[in-house]
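*Asks:* I need the structure of the sequence given here:
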Amino acid sequence: MDELSRGVVDKLDPESAAFINTSGLAKASPMGMGLYRIEPVGKVGSVRTSTVQLEVRPKDRLGLSRLLFLLSYAGDQGFRDHSVEAVEHPYLWSALAESLAQLADKALSRGVLQGYLTVEESLRTVKGRIRISDQISRRPGMMVPLEVSYDEFTEDIAENRILRAALERMGKVPGVRPDVLSRLRQLKGKLDAVTRLQSGAPLPPWRASRMNLRYHAVLRLSEVILRNASAEAGEGKQQTASFVVDMGQVFEEFVGTALRSAMSAHPGEMRLQYGALLNEAVRDSDRLTVRPDAVHFLGGRPVVVYDSKYQAASDAGASLSADHYQLLAYCTALRVPTAWLVYAGAGEMKLRRILNTDIDIVEYPLDLSLPPSEILAAVADLAEQSWGEVVRQAVANRSASD
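*Replies:* Numbering: from 1, shown residues only. So this is what the prediction gives:
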């Protein structure tokens, strides 16, 4: 179903209905006779059991490549247009599984990547560097064993640990085609010497470089899978998998990251999720605060404010008036004359002058169905236009004071 749809009525077993409700992707309400009303709740993605697959797709029919681009750019992982290589498929899990298999096969085609790993251990002979402080604190007066640190050239590096974890997780998803599942297992077999990441542990950091260039695309897809997907399989347990994404949060983070990058070409500093006081208050409990998605500062003073809304005015449940009330409060609290409302959708830019004030609110559409390079070009245009308005206001204020 589409994320803006009113839902469907279908038959479900109680276990699958409970899994859908706990996944956060949708709400399954019993209607009797084994029927449930299944309604989206503002998230997109897919949940799958051995008997049911439910998919809630982004509005405007965004494909997997576009979803991966937004997810990775929002995470500031450097996922750019040229590295988005996703297999488009009617079903999300099939697309993710086949994309991971293809990219992993390409990355491992020249062998498993090796790199230097810093090892700290106790030895009876010197290897690498003696850790003097650890030697004194742990073994005072003893010559052996020695506390040493050295760099080992090995396959057991962060890049391979992340890739192995993603292959394992995708291999547990019920309903993956047998041929794709076999490829995932074969590829994981090449990484059996690599340390297995513990469930729930943070992903180890890695840095993109010329040395690991062939791994870049598969690592970025692997990180998206590990951060947003879960899969469980076990004896006596129902196989389940879920990939759930809050598109409102992803859009907000994407716009903030892309806009900060675009505005770096102009003087000043952009701050994301900036908190400001809305009212005068003697006690902390009486304070009201606002938190715009992005505020650009010049000389330590806010000059323009931005807020992003995934739902456009034309979307079901969206409130144009509420968005403008919010932006009016931002401008008042920060004493800036212009606010930019960035929403996901096609259309024309629109200026709204607020009566009895000097405040302008500009609605700026960002069409996510465009290729990633054109989406980023639109954000760059937003930066240019909003900076031009800052310059125009500064010139007008200077002329008024002369």
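
*Asks:* okay, CA-based contacts and neighbour counts for the rest of this
*Replies:* Will do.

*Asks:* So what does Gly42 have for phi and psi?
*Replies:* Dihedral pair for Gly42: phi 100, psi 10, per degrees, to the nearest 10.

*Asks:* neighbours around it, how many?
*Replies:* Gly42 has 16 neighbouring residues, counting by other Cα atoms under 10 Å.

*Asks:* if I pick it, what's in contact with it?
*Replies:* Listed by Cα atoms under 8 Å, 6 or more residues apart in numbering, the contact set of Gly42 reads Glu3, Leu4, Leu25, Asp246, Met247.

*Asks:* From those, keep the buried residues only.
*Replies:* Neighbour-count burial within the contacts of Gly42 applies to Glu3, Leu4, Leu25, Asp246, Met247; the criterion is 16 or more other Cα atoms under 10 Å.

*Asks:* how about the strands in the stretch 151-300 of the chain?
*Replies:* 229-232, 240-245, 269-272, 276-277, 289-290, 294-298 (DSSP state E, counting those that start in this stretch).

*Asks:* which SS class is Tyr364?
*Replies:* strand (DSSP: H, G, I helix; E, B strand; the rest coil).

*Asks:* Any idea what it is bridged to?
*Replies:* Val342 (DSSP bridges).

*Asks:* Pull the contacting residues for it.
*Replies:* For Tyr364, the contacting residues are Trp340, Leu341, Val342, Tyr343, Glu348, Met349, Lys350, Leu382, by Cα under 8 Å, 6+ apart.

*Asks:* ok, which pair from these is furthest apart?
*Replies:* Trp340 and Glu348 (13.5 Å; Cα to Cα).

*Asks:* Between these two, which is the more surrounded one?
*Replies:* With neighbours defined as other Cα under 10 Å, Trp340 and Glu348 compare such that Trp340 has more, 21 against 10.

*Asks:* elements contacting the helix or strand encompassing the more buried one?
*Replies:* Using DSSP states H and E, Trp340 maps to strand 338-344. Secondary-structure packing of strand 338-344 (3 or more Cα pairs under 8 Å, 6 or more residues apart in numbering; DSSP states H and E): strand 301-309, helix 320-334, strand 360-366.

*Asks:* Could you look up the next helix or strand downstream of that strand?
*Replies:* strand 350-353.

*Asks:* Direction included, what does that next one pair against?
*Replies:* With DSSP bridges as the test, strand 350-353 pairs up with strand 360-366 (antiparallel).

*Asks:* Just read off the phi/psi values of the nearest residue in space to Asn21 that is not next to it in sequence.
*Replies:* Among residues not flanking Asn21 along the chain, Lys27 sits closest, at 5.2 Å (Cα to Cα, 6 or more residues apart in numbering). Main-chain dihedrals, Lys27, degrees, to the nearest 10: phi -120, psi 130.

*Asks:* Cool, thanks, talk later.
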